[in-house]
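Colleague: Structure for this input, please:
(chains A and B)
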Number of protein chains: 2
Amino acid sequence: MGLDGSGYSGLALEKLSLSGATIGDTIVVRSNGIEYSGILMPRAQIGTDPDHIVIKLETGYNIGVRLSSESEVKLARKGKKQKRKAVEEEMVSKEKLPAVSILSTGGTIASKVDYQTGAVNPALSAQDLYDAVPELKSHAKVKAKVLMSIFSEDIHPSNWTKIAKGIVTEIREGANGVIIAHGTDTMGFTAAALAFALQDLPVPVAIVGSQRSSDRPSSDAAMNLIQATDLVGHVDAAEVMVVMHAETDDTYSYAHRGTRVRKSHTSRRDAFQSVNSYPLFKVSSSGIEELASPLLRRDSSRKLKVKPVFDDRVALVRTYPGVKADVIDHLVKQEYKGMVVEGTGLGHAPKALQSSIVAAVESDIVVAMTSQCISGRIDMNVYRTGVELLELGVIGCEDMLTETALVKLMWLLANMKTVEKVRSALPEPIAGEISMRTEMAEYTATPE
Amino acid sequence: MGLDGSGYSGLALEKLSLSGATIGDTIVVRSNGIEYSGILMPRAQIGTDPDHIVIKLETGYNIGVRLSSESEVKLARKGKKQKRKAVEEEMVSKEKLPAVSILSTGGTIASKVDYQTGAVNPALSAQDLYDAVPELKSHAKVKAKVLMSIFSEDIHPSNWTKIAKGIVTEIREGANGVIIAHGTDTMGFTAAALAFALQDLPVPVAIVGSQRSSDRPSSDAAMNLIQATDLVGHVDAAEVMVVMHAETDDTYSYAHRGTRVRKSHTSRRDAFQSVNSYPLFKVSSSGIEELASPLLRRDSSRKLKVKPVFDDRVALVRTYPGVKADVIDHLVKQEYKGMVVEGTGLGHAPKALQSSIVAAVESDIVVAMTSQCISGRIDMNVYRTGVELLELGVIGCEDMLTETALVKLMWLLANMKTVEKVRSALPEPIAGEISMRTEMAEYTATPE
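Modeller: The predicted structure follows:
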């Protein structure tokens, strides 16, 4: 049989056998409401998941499609009688490569060592990057621009505005996908900011960085950049994602939802983790596998809504034994507009802060609660402390990351007309930042 | 052969075969400089690790001893001819049970639902707890006391002093081990505080809590309490540990080093994780396995040093895009004594904070740097931002948890005579809170 030794098993083998297709044939797969068409590829390199089939799209790019029992597989056209190797090595014509814009903001992915101090400085332009990773040429028609050159610890909400506008320009000029090269320190904050600022995206946006500078042999810059390029060039998704190493080795990367990802290790190459949510895609040299549904599919005709402004008068207050109310009193006096309290456990703060929290709420400061636990959901209805804080007007942020809650509050304050509207919008999902039901069985989000 | 079907394999089987011992014999095991003596038990229940052997100590308690190739196993005395089942069921005489003191501070482990509000209130005394978990009687001679009844989000550094003094009293009255029942929200902070306050402990101290209140069928209170009792009653270690579920099921618990553990999930029963360090012990109904070396072994003749005072004039400042210097200026004006900056990545803070950090250092405020990544080590010598902050006088906290750094700074400020002494003691290990070399290959510390 034509599928012997193809690497398929289980559900995939069953569906393929019914269709009569063999390796090299063009097939049409309909799964979860989406239709994919391409040449059936062998499965050897992509793991042992029996629910995926891999097809080469017309662009020459391989995509893994997850099947369910409802999925349909149809044979569209028998392939030419060619050896499997020939199918794998089939070259893509330059004209069919996607148009990808790379906007550089600074950070290690665009840095080199300062030989005076031995420290690493942001220096390379996006063009230098492109020169440094010549393989990019065979992955996309790349256009490179330097937007700014800032260490990511110095990124300010006003920079988010500039980055958002830079992305809009590239999309309007026809980019099939946009990449932001960014320092890793605050990459999660910027990803969340762009996810709120750019609504109804027609094409995907990937933020990419590196944990080791590109002049070190252990640099993760090249792989992250290439896989981000593959992702935004080909994936059938249109939202803001962070693309970084999924393992310490140069194996594959994850595309994390921008509102659900944080830097969770100071130095590991797989420092970025999705929290309370799965990564959306696994990207490897064999293709892209969808791990969770994106918010939107790619649709170049979709009208982009741009709301790039943020109000930076928002503070982050972490509670701890001995924390004093004077810090909150100070924020009230300074006329801050919002405050995220990163409390303990299910969303608690010491009684010693209560009267100052009341004063803040009465001054129309929006007071939000997240948990310093990082993983899990706020639930302020379990213990008396939580119930009391809700009664004082504190808003529980469900399973939203602290970083995302902070960015969202800055964005809401700049885009909503009244404090009441900000308060009611805060705990409602806008960009996949909250799920009303907990879906993750795992602690951190590693689907395999 | 006498070891057929004993469950032993690999190194353990090899060493046992050489000794001539069979199940039920009394053996002496010398491993890593420690000598254990007891009855050889079968291995069926303790997993498949071929490097462990399990012996029943004279107290009737089972201990797993990890062997290396240098370990020695000697047959001391042939056991009576009895069936294996008889060995397993061998009862312990009440007189040999260890003396364990349980001091209650509040929290879910000592709570019940308030049927008026539906919320959970701290209510049960340690005695009630003991009554609620009658099995405890067969694990230890338990003495129970209520020290305080406080939700753990309201625990203040002055409460740490009271808890430390309460432990000292129990140890002086002859306890073989002390348990602190504590709310989970700030349990990690209290564990770190006790680790600094109680130096040269002669016996172990375990802090234990529960994520589900004890009147719920899913409560983890009973297992955590029983396993903490087994741990402090028998383990050959003398330091402050946190004993909580290692998995969501009622399988086994980990004993984490008090200075290395944090609550990492809002609701899961296995919410506590060791960070940048392995748990010290695995505790199950089959016994105790040592996973990493404790700081001190049990030695009832060791002279305890008590330094239970903390200075609460320490603030925690987390950085983020848009963080403003006025928060630090406020701390200087309020004459805080210390400040932990939870920066980004390897230990960075925005340039916008630099002049205020200078003002803080010049006002003799000790400024420490940790990372909001949680996992990994601070390294302020890699990027220019870090180098500059070091030059300003900021102290990098190596691989210390933010929570532990905060507690340590409060403790140093109360116990050192000069700011210079505090500054130099902060980045040096005192209670296992820092390792100078990174030993962990894993992301989070799960040794299996």
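Colleague: just the strands in the stretch 301-448 of chain A please.
Modeller: Remark: strands assigned in the stretch 301-448 of chain A by DSSP state E, counting those that start in this stretch are A:305-306, A:314-318, A:338-343, A:366-371, A:395-396.
Colleague: Repeat that for the stretch 51-200 of chain A.
Modeller: A:52-56, A:62-66, A:72-77, A:99-104, A:111-113, A:120-122, A:141-146, A:177-181, A:198-199.
Colleague: So which of these has the densest surroundings on average?
Modeller: Mean neighbour count (mean count of other Cβ atoms under 10 Å in any protein chain shown) peaks for strand A:177-181 among the strands of the stretch 51-200 of chain A, with a mean of 29. C-beta coordinates here come from the backbone N, C-alpha and C atoms, glycine included.
Colleague: Which elements pack onto it?
Modeller: The helices and strands touching strand A:177-181, judged by 3 or more Cβ pairs under 8 Å, 6 or more residues apart in numbering or on different chains; DSSP states H and E, are strand A:99-104, helix A:157-172, strand A:205-208, helix A:221-234.
Colleague: what angle sits between the last one and strand A:141-146?
Modeller: So the one you mean is helix A:221-234. The directions of helix A:221-234 and strand A:141-146 differ by 120 degrees, with axes from the mean of the first three to the mean of the last three Cα atoms, to 10 degrees as the criterion.
Colleague: now the longest one
Modeller: Compare the direction of helix A:157-172 with that of strand A:141-146 by the same axes, to 10 degrees and you get 150 degrees.
Colleague: you'd agree A:I288 is in a strand?
Modeller: Yes. Judged by DSSP: H, G, I helix; E, B strand; the rest coil, A:I288 forms part of a strand.
Colleague: CA-only coordinates of stretch A:398-412, as PDB, when you get a sec.
Modeller: Extracted in PDB, the C-alpha atoms of stretch A:398-412 (Å, rounded to 0.1, in the frame of the first residue of the first chain):
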ATOM      1  CA  GLU A 398      -9.500  36.100  36.600                       C
ATOM      2  CA  ASP A 399      -6.600  34.100  35.100                       C
ATOM      3  CA  MET A 400      -4.900  37.100  33.600                       C
ATOM      4  CA  LEU A 401      -1.100  37.600  34.000                       C
ATOM      5  CA  THR A 402      -0.100  40.500  36.200                       C
ATOM      6  CA  GLU A 403       1.900  42.000  33.300                       C
ATOM      7  CA  THR A 404      -1.000  41.700  30.900                       C
ATOM      8  CA  ALA A 405      -3.400  43.200  33.500                       C
ATOM      9  CA  LEU A 406      -1.100  46.200  33.900                       C
ATOM     10  CA  VAL A 407      -0.800  46.800  30.200                       C
ATOM     11  CA  LYS A 408      -4.600  46.300  29.700                       C
ATOM     12  CA  LEU A 409      -5.300  48.800  32.400                       C
ATOM     13  CA  MET A 410      -3.000  51.400  30.800                       C
ATOM     14  CA  TRP A 411      -4.700  50.700  27.500                       C
ATOM     15  CA  LEU A 412      -8.300  50.900  28.800                       C
END
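Colleague: Comparing the strands of the stretch 301-448 of chain A, which stretch has the densest surroundings?
Modeller: Note that of the strands of the stretch 301-448 of chain A, strand A:338-343 is the most buried (mean count of other Cβ under 10 Å), with a mean of 28.
Colleague: Rebuild the strands of the stretch 301-448 of chain A as JSON lines, extending it with mean pLDDT.
Modeller: JSON lines is the format used below for the strands of the stretch 301-448 of chain A (pLDDT from 0 to 100):
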{"stretch": "strand A:305-306", "mean pLDDT": "98"}
{"stretch": "strand A:314-318", "mean pLDDT": "98"}
{"stretch": "strand A:338-343", "mean pLDDT": "98"}
{"stretch": "strand A:366-371", "mean pLDDT": "98"}
{"stretch": "strand A:395-396", "mean pLDDT": "98"}
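Colleague: mind putting those in a markdown table, distance to chain B included?
Modeller: Output for the strands of the stretch 301-448 of chain A, formatted as a markdown table (distance: least, Cβ to the nearest Cβ, whole Å):
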| stretch | distance to chain B |
| --- | --- |
| strand A:305-306 | 19 |
| strand A:314-318 | 5 |
| strand A:338-343 | 7 |
| strand A:366-371 | 5 |
| strand A:395-396 | 11 |
